[in-house]
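*Asks:* output the structure for:
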Amino acid sequence: MTSTQEEIDLSYSVSNEFFELWLDKNMHYTSAAYDRPGMTLEEAQENKLRVLYDMAEMDASKTILDIGCGWGSALECCSRFGAKEVHGITLSTEQAKYCWDRNIPNAHIWIKDYALFEPEKKFDALISIEMIDHLCSPAQAREGKAIELYRAYFNKLAEWVEPGAAFGFQAILRNRIPRRRKDLEDLAFTADVIFPGGLNPRIEELVCAINPKWELESLIMRRTDYRATTNEWWQRLMKNEGIIREKWGDQVYEDYDRYLGTCVRAFDNHWSGDVQMKLRRI
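*Replies:* Take a look at the predicted model:
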């Protein structure tokens with residue numbers, strides 16, 4: 001991991017109660033999938049997991065690993081949809097504690113860098129949802145190391161499943177570069193203050209990096225879905241402004257208000273995107 005445990009804790013450990021105020025009830029901190037008109041955030045988040053569960057070809061006879069499991073939302077959904085066992089790894093101390101407290105049936109969670117993780121046995125399927133942005137720093141990308149780092153990730157994960165296994169993968173993408181200084185400053189703020197140490201990949205980098213261990217079977221672009229997701233988070237944050245300022249201070253509210261507003265503009269203007277991929281272990 002390029003992002004250190006200290007940086008991960010900074011990103012996700014403001015307070016679980018803080019995130020509960022503006023995320024959905026199941027604590028998904030990734031793009032939802034609005035595949036039907038009129039879906040609520042909660043419905044769209046559940047739908048996102050159903051898409052990835054199906055991409056991973058999961059059923060009640062299989063075990064699955066979530067790389068970057070967050071607060072356990074994907075683990076809970078996969079357990080409820082049907083899985084023999086659900087496993088998760090994260091670098092966030094507070095998120096791991098939250099996962100353990102959820103008491104998800106047949107769940108196993110570790111605080112571990114994926115690069116150092118050595119499972120006792122292979123899994124039947126994998127999912128990973130917007131964790132890959134913690135693998136390559138802006139400086140490493142400028143040095144031309146992005147594909148190398150992403151390929152090391154995909155190659156490592158290939159060791160944990162048998163050939164033929166399916167992988168439901170989701171990632172935030174970076175795309176166009178804005179021209180206004182204020183927009184550049186807001187994107188830099190999001191990267192440096194909210195998510196230090198990481199960088200969103202480009203779609204072409206991912207397509208290159210999955211080789212030689214994985215085949216891309218299907219792909220869904222989710223830019224407008226993430227725009228809708230971050231806008232809903234932003235609206236919920238603003239509704240709780242008074243509580244947040246009182247409990248966590250003005251700076252926390254203002255930082256997250258700026259971050260979420262920047263996200264909405266980024267998806268509107270194609271600076272950012274999101275993708276779901278179904279991958280097959282070769």
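*Asks:* need the helices for the stretch 51-200 of the chain, in chain order.
*Replies:* 73-82, 93-102, 138-142, 146-158, 181-189 (DSSP state H, counting those that start in this stretch).
*Asks:* for the third one, list the C-alpha coordinates in PDB.
*Replies:* In this case it means helix 138-142. Output in PDB follows, covering the C-alpha atoms of helix 138-142 (Å, rounded to 0.1, in the frame of the first residue of the first chain):
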ATOM      1  CA  PRO A 138       0.700  11.300  -7.300                       C
ATOM      2  CA  ALA A 139       4.500  11.400  -7.200                       C
ATOM      3  CA  GLN A 140       4.700   7.700  -8.300                       C
ATOM      4  CA  ALA A 141       2.200   8.300 -11.100                       C
ATOM      5  CA  ARG A 142       4.400  11.200 -12.400                       C
END
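*Asks:* check what contacts it and list those residues.
*Replies:* With contacts defined as CB atoms under 8 Å, 6 or more residues apart in numbering, helix 138-142 is touched by 2, 146, 149, 191, 199. To be clear about C-beta, it is placed using only N, CA and C from the backbone, and glycine gets the same treatment.
*Asks:* state the pair within those that is farthest apart.
*Replies:* 149 and 191 (16.4 Å; CB to CB).
*Asks:* stretch 99-110: how far from the chain's middle?
*Replies:* The chain centre lies 18 Å from the centre of stretch 99-110; the measure is CA atoms, centre = their mean, to the nearest Å.
*Asks:* that stretch: end-to-end distance?
*Replies:* 10 Å (CA to CA, to the nearest Å).
*Asks:* so what touches it?
*Replies:* So stretch 99-110 is contacted by 69, 71-72, 75-76, 79, 83-90, 96, 117 (CB under 8 Å, 6+ apart).
*Asks:* same check, this time on stretch 145-154
*Replies:* Taking CB under 8 Å, 6+ apart as the rule, stretch 145-154 contacts 2, 114-115, 132, 135-136, 140, 199, 201-202, 205-206, 208-211, 213-214.
*Asks:* excluding covalently adjacent residues, which one is nearest to residue 183?
*Replies:* residue 265 (7.0 Å; CB to CB, 6 or more residues apart in numbering).
*Asks:* show the pLDDT at that neighbour.
*Replies:* Residue 265 is assigned a pLDDT of 97 by the prediction.
*Asks:* one more: the one 3 residues further on?
*Replies:* Residue-level confidence at residue 268 comes out at 98, pLDDT.
*Asks:* surely it is in contact with residue 228?
*Replies:* No: judged on CB atoms under 8 Å, residue 268 makes no contact with residue 228 at a distance of 10.9 Å.
*Asks:* do you know how far the residue located most distally from the centre of the chain is from residue 61?
*Replies:* Distance from the C-alpha centroid of the chain, by CA atoms, centre = their mean, peaks at residue 246 (28.9 Å). According to CB to CB, to the nearest Å, residue 246 stands 49 Å off from residue 61.
*Asks:* before we move on, the earlier item: from the contacts of helix 138-142, which single one is nearest residue 126?
*Replies:* For the contacts of helix 138-142, the minimum distance to residue 126 (CB to CB) is 18.2 Å, reached by residue 149.
*Asks:* the strands in the stretch 151-282 of the chain, which residues?
*Replies:* Remark: strands assigned in the stretch 151-282 of the chain by DSSP state E, counting those that start in this stretch are 161-174, 214-221, 272-281.
*Asks:* could the ones you listed be laid out in CSV, adding mean pLDDT, mean neighbour count and distance to residue 48?
*Replies:* CSV is the format used below for the strands of the stretch 151-282 of the chain (pLDDT from 0 to 100; neighbours: other CB atoms under 10 Å; distance: least, CB to CB, whole Å):
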stretch, mean pLDDT, mean neighbour count, distance to residue 48
strand 161-174, 98, 21, 8
strand 214-221, 98, 14, 10
strand 272-281, 98, 22, 8
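*Asks:* got a markdown table for the ones you listed, with distance to residue 255 too?
*Replies:* Converted to a markdown table, the strands of the stretch 151-282 of the chain look like this (distance: least, CB to CB, whole Å):
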| stretch | distance to residue 255 |
| --- | --- |
| strand 161-174 | 19 |
| strand 214-221 | 29 |
| strand 272-281 | 18 |
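*Asks:* longest helix of the chain?
*Replies:* Looking across the chain with DSSP state H, the single longest helix is helix 250-268.
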